[in-house]
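K.L.:
sequence and predicted model, in that order:
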Amino acid sequence: MMPRTMFDKIWDRHVILEREGNTLLHVDFHFCHDGSFNAFSKLAARGLPVRRPDRMVGTPDHYVPTTSRSIDDLASDDMKRVFRAFERNFASHGITHFPIGDPRQGIIHVVGPEQGLTQPGLVIVCGDSHTSTHGAVGAIAFGIGASEVAHVMATQALWQKRPRTMRITIDGDRPHGVTGKDAILAIIARIGAVGGTGYAIEYAGSLIRAFSMEERFTVCNMSIEAGARCGMIAPDATTFDWLKGRPFAPAGDQWDAALAFWKQVPGDPGATFDREERLDGAALAPMVTWGTSPEQAVAVTGAVPDPDAEEDDERRAALEAAVDYMGLAPGQAMGDVIVDRVFIGSCTNSRIEDLRAAATVVRGRRVRVSHAFVSPGSGLVKRQAEEEGLDRIFTEAGFEWRESACSMCVGMNGDIAQPGERTASTSNRNFRGRQGPGVRTHLASPATAAAAAVHGRFVDIRGL
Amino acid sequence: MKPFTTVSAVAAPLDMINVDTDQVIPARFLGRPVDERYPDYLFHDMRFDADGAERPDFVLNRTGFRDASLLVADRNFGCGSSREHAVTALVEAGFRAVIAPSFGDIFYANSLKNGFLPVRLPDEVCRRLRSMLHDGPGGEITIDLESQTVTAPDQTTWSFDIDPFQKRKVLQGIDDIDDTLGEIEAIRAFEREYDARMTWLTTRRTR
């Protein structure tokens, strides 16, 4: 048999049938959040049950407040009604669910891995584009829309066309101050926001292997920002150690059986990809975005590009529009960019290691922006951070220490900034208005965002 | 699902790359019901200023493009969030299709599920179409799915690619869930064998 990539091996194991070049793919797990609240009514309208409640799990995150733990504090009466219906639906269908107030509640892409549900070799879907996160353990994980969510609930399967495969290799020792977030921002800057469209990406190389699980989640999380269907990293000892003992991870004899299977998940030696990209790990630096697309990222020591240097009219117009929206000057050094607010959180960077990295920078310093807060990725991350005393480091510096939700990554719970304000954010999208109308978002790692909070501007954390 | 066969309609040019689904419909509208206000949510922050007044520069606010039912966009249209509301907002505002060099993957899939046609044409063709529409506001484009052709206001015709399986579903308005449940025996047979091997997979067990 021809050597196969990890993606192809996992895909092949999930093929129920094929028709005209399309595959009916078995779905192992469907992760569900409150933004998918319509899915239950779509099923009810057809008189259909959830076909495999034993393969579905949910936690609310998109509309959840970060200032309280009560449904009564949701932004509108409509949302309160929706939430109560959502919780009733989980209960009546017998689906495992971590509601507001349960310490296991949190951002679905933090909770799935934390609970040990995100496992190697699986196909995982969720009605959220950042589902690519779960590929970090060596799974095919991708976001779907509401119609496909209803389809998965009704059938536990999905029609898919097999994407092409791309391997992105980063070899080299980790440079000081460089994290998974910096690596993925550099990758997107290199291949572009459409560079991954139509591809499943596998990240490989010695630097990727050296990344912690938290960093691997961050890297895979932003695969969608390069346009990719999904991102994945071959499971190894780091993955297995991380999974062991988690609540929904297999235990005892089941662990041994699962581990034997997981070791077969990586691609075969000699497997070929449709496309190969390489980055030099040693050349990576802390990154920050300057524009309105994640592809518009530079080293924190770099500068805003000059649109006049672009010869193509349409590309120049796009650069000019981004520079204008962001209120920056062509050629302006990123180190001269003054920040108003800092957000540390989101499915990209809200895990315990992210909070530790930010706290290390913040410790003993004072916030010099108008507002800064932390929203831990889950109730359990929050609890652990508090046990480690991280909450006090943040609050003593002037950060607010909040509850877990998607929060200012998407602004749906009311956590937004004011028009014209500039944020340093550990999230994944610097789109226009993403954090509120007229808000200017700069994406960065937790350490770089924390440094912006205590310096009032972007600084190179390597010099701290 | 409403089938898509052929449409001839006024088209509007959207000269922006990376029009993400947050631009198509900002997140603050996602919890709202689909009612008569929905068309106003489409491209809301590009169409209206903070006071709710129309931004005169935005293409859909300009003479000749107000009644557009087709869009000609630039690369990576519909990137970002998986929100199917983006397609709903386009459909509720009377749009039937969008032509672009490339699309966000999830937006593309969501479109087909709603009988809204995403048409991929090369960069230079999209550029030429947009330029033609700017030169002649109110110009009509015809999209014929059966023959997989796009005809410009100047009658130039281009062919586009679409997966034959997806094409048939959209042409006939086939409901995906009904179609898949027609294969329920194959699904069950697969799962019997699969579940017997992957015995540890469940969202129910906890220790």
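P.N.:
Perfect, I can see it now.
K.L.:
need the CA coordinates for stretch B:71-86. CSV is fine.
P.N.:
Extracted in CSV, the C-alpha atoms of stretch B:71-86 (Å, rounded to 0.1, in the frame of the first residue of the first chain):
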residue,chain,number,x,y,z
LEU,B,71,-22.5,40.2,-6.1
VAL,B,72,-19.1,40.1,-7.8
ALA,B,73,-16.5,40.1,-5.0
ASP,B,74,-12.8,39.6,-4.6
ARG,B,75,-10.7,36.8,-3.1
ASN,B,76,-11.5,35.0,0.1
PHE,B,77,-15.1,36.1,0.3
GLY,B,78,-16.9,34.8,3.4
CYS,B,79,-13.7,33.9,5.3
GLY,B,80,-13.7,33.6,9.1
SER,B,81,-16.6,32.6,11.3
SER,B,82,-18.8,29.6,10.4
ARG,B,83,-22.0,31.6,11.0
GLU,B,84,-24.6,30.5,8.5
HIS,B,85,-26.4,33.8,9.3
ALA,B,86,-24.1,35.3,6.7
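K.L.:
now that stretch, how far from the centre of its chain.
P.N.:
The chain centroid and the centroid of stretch B:71-86 are separated by 7 Å under Cα atoms, centre = their mean, to the nearest Å.
K.L.:
for it, give the mean pLDDT please.
P.N.:
Computed over stretch B:71-86, the mean pLDDT rounds to 97.
K.L.:
neighbours of the nearest residue to residue B:122 once chain neighbours are set aside, just the number please.
P.N.:
Leaving aside its sequence neighbours, residue B:122 sits nearest to residue B:101 (Cβ to Cβ, 6 or more residues apart in numbering or on different chains; 6.4 Å). In short, each C-beta sits where N, CA and C put it, glycine included. By other Cβ atoms under 10 Å in any protein chain shown, 19 other residues sit near residue B:101.
K.L.:
now do the contacts for residue B:101.
P.N.:
B:74, B:75, B:120, B:121, B:122, B:123, B:126 (Cβ atoms under 8 Å, 6 or more residues apart in numbering or on different chains).
K.L.:
neighbours around residue A:335, how many?
P.N.:
Around residue A:335 there are 15 residues (other Cβ under 10 Å).
K.L.:
separation between it and chain B?
P.N.:
Distance, residue A:335 to chain B, by Cβ to the nearest Cβ, to the nearest Å: 26 Å.
K.L.:
how about residue A:178?
P.N.:
Distance from residue A:178 to chain B, by Cβ to the nearest Cβ: 26 Å.
K.L.:
next, the contact list for the residue nearest to that residue when sequence neighbours are not counted, please.
P.N.:
In space, and not counting its chain neighbours, residue A:178 is closest to residue A:284: 4.8 Å by Cβ to Cβ, 6+ apart. By Cβ under 8 Å, 6+ apart, residue A:284 lies in contact with A:170, A:172, A:175, A:178, A:182, A:183, A:186, A:207.
K.L.:
one more: residue A:83?
P.N.:
Residue A:83 neighbours (Cβ under 8 Å, 6+ apart): A:34, A:37, A:60, A:63, A:71, A:74, A:100.
K.L.:
and it, how far from chain B?
P.N.:
Distance, residue A:83 to chain B, using Cβ to the nearest Cβ: 10 Å.
K.L.:
OK, contacts around the closest residue in space to residue A:383 that isn't next to it in sequence?
P.N.:
With sequence-adjacent residues excluded and distances taken as Cβ to Cβ, 6+ apart, residue A:383 is closest to residue A:103, at 6.3 Å. Going by Cβ under 8 Å, 6+ apart, residue A:103 touches A:379, A:380, A:383.
K.L.:
give me the distance between residue A:103 and residue B:90.
P.N.:
Separation of residue A:103 from residue B:90 (Cβ to Cβ, to the nearest Å) stands at 41 Å.
K.L.:
could you do residue A:57 as well?
P.N.:
Where residue B:90 is concerned, residue A:57 sits at a distance of 32 Å (Cβ to Cβ).
K.L.:
just residue A:99 next, same as before
P.N.:
34 Å.
K.L.:
between those two, tell me which one has more neighbours.
P.N.:
When residue A:99 and residue B:90 are compared for neighbours, residue B:90 comes out ahead with 25 against 19, by other Cβ under 10 Å.
K.L.:
quick one: contacts for that one?
P.N.:
Residue B:90 touches B:24, B:42, B:71, B:98, B:116, counting by Cβ under 8 Å, 6+ apart.
K.L.:
now the host helix or strand of it, how far from the centre of its chain.
P.N.:
For residue B:90, the host element (DSSP states H and E) is helix B:85-92. Put simply, helix B:85-92 sits 8 Å off its chain's centre (Cα atoms, centre = their mean).
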